[in-house]
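Trainee: this is a predicted model, with the sequence first.
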There are 2 protein chains.
Amino acid sequence: MKTCTSLLLFEVMSPHRTRRRIPDATVSRLPIYLQILTAQFEAGVSSMSSEDLAGLAGVNAAKVRKDLSYLGSYGTRGVGYEVQYLVYQIRHELGLEHDWHVVIVGAGNLGQALAGYGGFADRGYPVAGIVDVSPDKVDTVVGGVRVRPLEDLHQIVSAKNVSIGVIATPSSAAQEAADLLVRAGVTSILNFASVVLSVPLGVTVRKVDLAVELQILSYHEQRRAAAASSLRAVSGEAGRSASA
Amino acid sequence: MKTCTSLLLFEVMSPHRTRRRIPDATVSRLPIYLQILTAQFEAGVSSMSSEDLAGLAGVNAAKVRKDLSYLGSYGTRGVGYEVQYLVYQIRHELGLEHDWHVVIVGAGNLGQALAGYGGFADRGYPVAGIVDVSPDKVDTVVGGVRVRPLEDLHQIVSAKNVSIGVIATPSSAAQEAADLLVRAGVTSILNFASVVLSVPLGVTVRKVDLAVELQILSYHEQRRAAAASSLRAVSGEAGRSASA
DNA sequence: CGATGTGAAGACTTTCACAGCA
DNA sequence: TGCTGTGAAAGTCTTCACATCG
């Protein structure tokens, strides 16, 4: 048994189904396909072609086919994909067959909004707890969940087997929050603070940053403005107002 | 004048500074560098090497140098980059030399949180207005701004020269909101709804989707869980609980 | 016939490695 | 000497184009 080659070891390590490695770019699109497919299924659509799906997802049909091919050959040539089955397969691949409890750190403006917003529980991410440093916040109730002191973090994570933490603290406290989450055993973090977190290898962090998004948009706006004013210069209308 | 070659035309079109095309991947990192550089500057740091910046941004130093090289040659060999000057250059490139007014569509949970959250105005994106369909919401005040009826959108956009719209409606209303924004003259949209928007060419959309982020995290969690259980199987501890 | 699944080409991004300059 | 700026190599992602199969 110990003499097996690494190839054989891989086989042994994945006995149930051959676990393909799915490219990051594909993983980030699967939730979008899933959302569309679910909506179509609810609207009574039972089968879709890659072209149909691509149209609704705003991407190229070849990309859809390649993305779906990483899951396996679940389409039917000449026909398309069975919506219900594809929904099942994507949910399986994304690990959506059971709920994932999340814990929110920070009960300020954002933390309250996130907890109050039904979006978490509805989508299979029930809020196992909210914690905050401030004694003023502790024991207030937001979104039906009582805010608890930071010290309870470890206990919440253990009790509900939480693996996803959400950082909704001010940026200055975000790294500390991340450290606490990691120490409590959380291995995935959704970070709403405007800082780059440093976490140990094996912990996944995703950042959602309003400022970054807005700045990317202003970059494009500014390019458009520059292009427009250059065009005006060329056609000799340099005096015209930009707001016209 | 009309006989110039396309190369000459390009020169004419960009008379002030040669406008390089900056890769998307770089544009999405510039805001992060900017945030770090600004913080360092405020902490009294006046010069940084690509390695310093890379460390804080969690990326490779070569990537930092290549990214910054798209702005121009603003470093000093053997020394590094002058923080203040780099801040200026990045702000210039991102179009952050003036404020960009934004208009928020949807005064529900999220819209209120966004308006109430100081993050917009503080970072150079003052809220020019919030609109909502519901008469219940109209005339309430959130974040110091009075909610106005949908019909006022056009007027708000024109009055404050708004080019960025934020969609904070339920998903079912998001496409309609986008259409209204585009018709009102907005050319950049930040979409918080879980739907893919269809907009005319020339309009930039960025999507922030909590569900997508969480599903990407659960994908990774699920992989980790699968890997761990395979390892246990190999080492003959299949009966062990996953929460250990 | 018509749509999938996929090699191969092309585009974009990251990383390496080192020439070049302060 | 030390760090930038950048060609070139490597890696990743997208798109094409068509063999394949229901």
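Mentor: In hand now; what should we look at?

Trainee: drop to CA atoms for contacts and neighbour counts, all remaining ones
Mentor: Fine.

Trainee: within range of DNA strand C, give me the residues from chain A.
Mentor: Selection of chain A residues close to DNA strand C by C-alpha under 7 Å from any atom of the strand yields A:48-51, A:62, A:65-66, A:68-69, A:72-81.

Trainee: try 10 Å
Mentor: Residues of chain A lying near DNA strand C by C-alpha under 10 Å from any atom of the strand: A:47-54, A:61-82.

Trainee: can you flag the buried ones in those residues?
Mentor: Neighbour-count burial (16 or more other C-alpha atoms under 10 Å in any protein chain shown) applied to the residues of chain A next to DNA strand C gives A:47-51, A:53-54, A:61, A:64-65, A:67-68, A:70-71, A:75, A:80-82.

Trainee: mind listing the helices for chain A?
Mentor: For chain A, the helices identified by DSSP state H occupy A:6-13, A:24-42, A:50-57, A:61-69, A:83-94, A:109-116, A:119-122, A:153-160, A:171-184, A:210-234, in order along the chain.

Trainee: what does the fourth one contact?
Mentor: Looking back up the chat, that one is helix A:61-69. Contact with helix A:61-69 is made by A:26, A:30, A:50, A:51, A:53, A:54, A:55, A:74, as judged by C-alpha atoms under 8 Å, 6 or more residues apart in numbering or on different chains.

Trainee: if we take these, which one ends up nearest to residue A:119?
Mentor: residue A:30 (18.5 Å; C-alpha to C-alpha).

Trainee: the closest one against residue A:90, yeah?
Mentor: Yes - with contact defined as C-alpha atoms under 8 Å, residue A:30 and residue A:90 form a contacting pair (6.8 Å).

Trainee: on that earlier part again, using CSV, lay out the helices of chain A together with mean pLDDT.
Mentor: Formatted as CSV, those follow (pLDDT from 0 to 100):
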stretch, mean pLDDT
helix A:6-13, 36
helix A:24-42, 98
helix A:50-57, 98
helix A:61-69, 98
helix A:83-94, 98
helix A:109-116, 90
helix A:119-122, 86
helix A:153-160, 98
helix A:171-184, 98
helix A:210-234, 90
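
Trainee: any chance of TSV for those, columns distance to DNA strand D?
Mentor: Output for these, formatted as TSV (distance: least, C-alpha to the nearest atom of the strand, whole Å):
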stretch	distance to DNA strand D
helix A:6-13	19
helix A:24-42	4
helix A:50-57	10
helix A:61-69	4
helix A:83-94	15
helix A:109-116	29
helix A:119-122	27
helix A:153-160	31
helix A:171-184	25
helix A:210-234	18
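
Trainee: for the residue nearest to residue A:21 when sequence neighbours are not counted, give me its contacts.
Mentor: Excluding its sequence neighbours, the residue lying closest to residue A:21 (C-alpha to C-alpha, 6 or more residues apart in numbering or on different chains) is residue A:70, at 7.9 Å. By C-alpha under 8 Å, 6+ apart, residue A:70 lies in contact with A:20, A:21, A:22.

Trainee: dump these to a markdown table, plus pLDDT, distance to residue A:110 and neighbour count.
Mentor: Below are the contacts of residue A:70 laid out as a markdown table (pLDDT from 0 to 100; distance: C-alpha to C-alpha, whole Å; neighbours: other C-alpha atoms under 10 Å in any protein chain shown):
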| residue | pLDDT | distance to residue A:110 | neighbour count |
| --- | --- | --- | --- |
| A:20 | 74 | 37 | 10 |
| A:21 | 90 | 35 | 9 |
| A:22 | 98 | 33 | 14 |
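
Trainee: and those residues, which is closest to DNA strand C?
Mentor: If you rank the contacts of residue A:70 by distance to DNA strand C using C-alpha to the nearest atom of the strand, residue A:20 comes first, at 11.5 Å.

Trainee: where's residue A:57 relative to residue A:162, distance?
Mentor: Separation of residue A:57 from residue A:162 (C-alpha to C-alpha, to the nearest Å): 31 Å.

Trainee: those two: which has the busier surroundings?
Mentor: residue A:162 (25 against 21; other C-alpha atoms under 10 Å in any protein chain shown).

Trainee: so which of the contacts of residue A:70 comes closest to residue B:166?
Mentor: Nearest member of the contacts of residue A:70 to residue B:166, counting by C-alpha to C-alpha, is residue A:22, at 32.2 Å.
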